[in-house]
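*Asks:* for reference, the sequence and a predicted model appear below.
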Amino acid sequence: MTSDTWDRFGLFRAEAEARGVPAEDVERWLATARPCLTLTPADEEGGPVVGRFGGPLLLPADAPDPVHPHVASVDLAALPAGATDLPLPPDGHLLFFAALEPDGVGPAGGVVHVAAGTAVTPRDPHAWNTAHAADDDKVFADYPQGPLRAKADVSLPYHQFVVPPGEREAVYLPEHPFCSDLVEVWEDTQDRIAPSGPLQIGGYADEEAVEFDPVDIAASTAAEAVEAGHWDGPVSADAADWVLLADWYAGRHVRNREGSTVHWVIQREDLAAHRFERVFTTVFWNP
């Protein structure tokens with residue numbers, strides 16, 4: 001990890017211990033840290049350009065038109081080596097799609113991997129709006145545009161509760177009796193140093209109200225969608241079998257969607273096999 005990361009952990013340690021969290025509990029919490037990438041617009045501070053919000057929608061000729069709006073594309077070959085713990089392909093592009101008005105019966109978006117060297121053709125970026133709904137187009141008009149820079153970052157859990165597999169009642173994160181205090185310290189100290197960027201690759205999921213892990217919620221939602229016949233299985237309802245691929249803090253850009261966040265999650269075995277059609281997308285919004 002970079003010196004900036006260790007500086008952030010130094011502030012986190014000092015603040016947590018000042019609030020009475022035992023040092024051994026702080027270190028056990030820090031052991032859960034995951035590397036991630038924060039992608040910010042090119043006019044903000046950051047590293048190399050690795051993709052863009054919006055832009056031309058380019059897909060292989062045999063790929064169907066997407067059924068959700070295009071959010072961003074990421075050049076995998078341009079990502080800094082080792083910046084996440086995700087087994088991503090070494091090259092090609094990941095295209096992210098999401099609707100901020102999901103219908104509630106299936107995934108609210110998707111991800112397409114366009115392998116390096118694949119011939120692509122331009123598509124109508126409004127093809128998803130088959131109903132030609134004017135209100136939907138207004139929301140899409142606010143989706144951001146422009147190059148994205150990558151900055152190596154680190155992520156700690158933002159949530160305090162889990163629902164163990166096969167159980168109905170939530171419990172505090174196992175083996176972390178001070179998790180509520182540690183989550184609060186992390187939120188406070190990261191805000192002092194660097195606000196979360198608009199697109200995060202890897203790490204832990206975050207949203208406006210995050211008592212529960214959004215990946216846990218997405219796993220349960222995916223299982224329900226399969227049971228209802230709105231998505232193809234099989235899937236695991238155990239959050240431990242899933243991982244966050246990306247978050248988009250949409251509320252920072254889109255009017256009347258303040259506080260909304262998109263989560264693209266995928267089962268670990270599907271990610272290892274690069275089956276990005278198995279990404280399940282959820283949207284949190286508290287209107």
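*Replies:* Everything's here; your move.
*Asks:* show me where pLDDT drops low in this structure?
*Replies:* Low-confidence regions of the chain, defined here as pLDDT under 70, cover residues 1-7, 44-46, 102-104, 160-175, 191-197, 287.
*Asks:* helices of that one, start to end?
*Replies:* For the chain, helices defined by DSSP state H occupy the ranges 3-18, 23-30, 134-141, 179-193, 214-227, 268-272.
*Asks:* buried stuff in the fifth one?
*Replies:* Buried residues in helix 214-227, defined by neighbour count with 16 or more other Cβ atoms under 10 Å: P214, V215, D216, I217, A218, A219, S220, T221, A222, A223, A225, V226. Heads up, the C-betas are built off the backbone N, CA and C, glycines and all.
*Asks:* pretty sure the fourth one contacts T282?
*Replies:* Read it as I217. Yes. Counting by Cβ atoms under 8 Å, T282 is a contact partner of I217 at 6.8 Å.
*Asks:* so how far is L76 from the nearest residue to A152 once chain neighbours are set aside?
*Replies:* With Cβ to Cβ, 6 or more residues apart in numbering as the criterion, A152 has its nearest non-adjacent residue at 4.8 Å, and that residue is A83. Look at A83 and L76: by Cβ to Cβ, to the nearest Å, they are 11 Å apart.
*Asks:* now do W285
*Replies:* According to Cβ to Cβ, W285 and L76 sit 29 Å apart.
*Asks:* try L271
*Replies:* From L271 to L76 the distance is 13 Å (Cβ to Cβ).
*Asks:* what is the burial count for the residue nearest to A152?
*Replies:* When counting by other Cβ atoms under 10 Å, one arrives at 20 neighbours for A83.
*Asks:* ok, it - contacts?
*Replies:* Contact analysis of A83 by Cβ atoms under 8 Å, 6 or more residues apart in numbering lists P35, C36, L37, A150, A152, I201, G202.
*Asks:* was I right to think the last one contacts D247?
*Replies:* No. Using Cβ under 8 Å, G202 is not in contact with D247, being 9.4 Å away.
*Asks:* neighbour count winner among those two?
*Replies:* D247 (28 against 20).
*Asks:* next one: A119 relative to A223, how far apart?
*Replies:* From A119 to A223 the distance is 37 Å (Cβ to Cβ).
*Asks:* likewise T121?
*Replies:* T121 is 36 Å from A223, by Cβ to Cβ.
*Asks:* rewinding a little: need the winner for burial among the helices of the chain.
*Replies:* By mean neighbour count, with neighbours taken as mean count of other Cβ atoms under 10 Å, helix 214-227 ranks first of those at a mean of 20.
*Asks:* counting by contacts, list what that helix packs against.
*Replies:* strand 242-248, strand 261-267, strand 280-284 (3 or more Cβ pairs under 8 Å, 6 or more residues apart in numbering; DSSP states H and E).
*Asks:* list the contacts of F280.
*Replies:* F280 neighbours (Cβ under 8 Å, 6+ apart): P107, A218, T221, A222, A225, W231, V235, W264, V265, I266.
*Asks:* L37 now?
*Replies:* Residues near L37 by Cβ under 8 Å, 6+ apart: V50, L79, P80, A83, T84, A150, K151, A152, D153, Q200, I201, G202.
*Asks:* count of residues packed around the nearest residue to it once chain neighbours are set aside?
*Replies:* Distances taken as Cβ to Cβ, 6+ apart place I201 nearest to L37, at 4.2 Å, with adjacent residues excluded. A count of nearby residues for I201, using other Cβ under 10 Å, gives 28.
*Asks:* I appreciate the help and will end here.
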